[in-house]
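*Asks:* no sequence on this one, just coordinates:
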């Protein structure tokens, strides 16, 4: 019990990095996801296949493997070490953000693709009849509807991304899991430390879950006005 109380402030402080990694990855990932969802719904076969294989590869391989390839693997390529890319890829923090962004972007692209494809065609035909161009139709009609329909699935992706950031500790980042491992390495008492760490993850998951529920109720209420 004493170790749980003593380790709590350190773990809570490390939570800042976990939240930062999660928010940045989700922020960049949603743009990546929407972009590839647009390509996936494109009639251009080249764009379609680029988006398809991006999603297939990133969703079909473990996130840990992707982190290792980006952090350890790309550094083995000489021309990358000599290019401007090395400024980003030599740092574990930026490599983790890149890996998390690409991973969540792949899952998000499938979520948004599905939402785009389920939009009632009559709505799009009505927009066309009103003289709206494709750009206005996308931002004013398709994207808002897709976001509303994607909320439950995207909420799950947010939670998965939060838990996925625990892998940042494998590239020396002292996030919540990284600090927990460090404490365990000096105390040799994993149960107490991981109970505290797990409790913090659970609380953050609770916040995300209820935030998504709030947004769902808000959108549903507005749609019934």
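*Replies:* Cool, the structure landed. In this text, all values refer to a predicted model and were calculated from it rather than measured experimentally.

*Asks:* Residue 128 reaches residue 142, doesn't it?
*Replies:* No - counting by Cβ atoms under 8 Å, residue 142 is not a contact partner of residue 128; they are 11.9 Å apart. Using the backbone N, CA and C atoms, a C-beta is placed for each residue, glycine as well.

*Asks:* For residue 77, grab phi and psi.
*Replies:* When read as degrees, to the nearest 10, the backbone of residue 77 gives phi -90, psi 120.

*Asks:* any idea how far it is from residue 83?
*Replies:* According to Cβ to Cβ, to the nearest Å, residue 77 and residue 83 sit 9 Å apart.

*Asks:* Repeat that for residue 197.
*Replies:* According to Cβ to Cβ, residue 197 and residue 83 sit 38 Å apart.

*Asks:* Residue 28: what secondary structure?
*Replies:* Recorded secondary structure, residue 28: helix (DSSP: H, G, I helix; E, B strand; the rest coil).

*Asks:* Residues contacting stretch 80-94, please?
*Replies:* 70-71, 74-75, 95, 98, 168, 171-173 (Cβ atoms under 8 Å, 6 or more residues apart in numbering).

*Asks:* can you check stretch 114-122 too?
*Replies:* 37-38, 41, 141-142, 145-147, 149-150, 153.

*Asks:* which residues of this protein score low on pLDDT?
*Replies:* By pLDDT under 70, the weakly predicted segments of the chain are 221-225.

*Asks:* I'd like to know how many residues surround residue 144.
*Replies:* Applying other Cβ atoms under 10 Å, we find 12 residues neighbouring residue 144.

*Asks:* hey, where'd the helices end up in the protein?
*Replies:* 2-40, 45-60, 63-68, 78-81, 86-89, 92-117, 121-129, 134-137, 143-164, 176-187, 190-223 (DSSP state H).

*Asks:* can you give me how far the fifth one is from the chain middle?
*Replies:* Distance, stretch centre to chain centre, for helix 86-89: 21 Å (Cα atoms, centre = their mean, to the nearest Å).

*Asks:* residues of it that come out buried?
*Replies:* By 16 or more other Cβ atoms under 10 Å, the buried positions in helix 86-89 come out as residue 89.

*Asks:* these two touch, right, residue 11 and residue 174?
*Replies:* No - the pair residue 11 / residue 174 is not scored as a contact, 10.6 Å apart, by Cβ under 8 Å.
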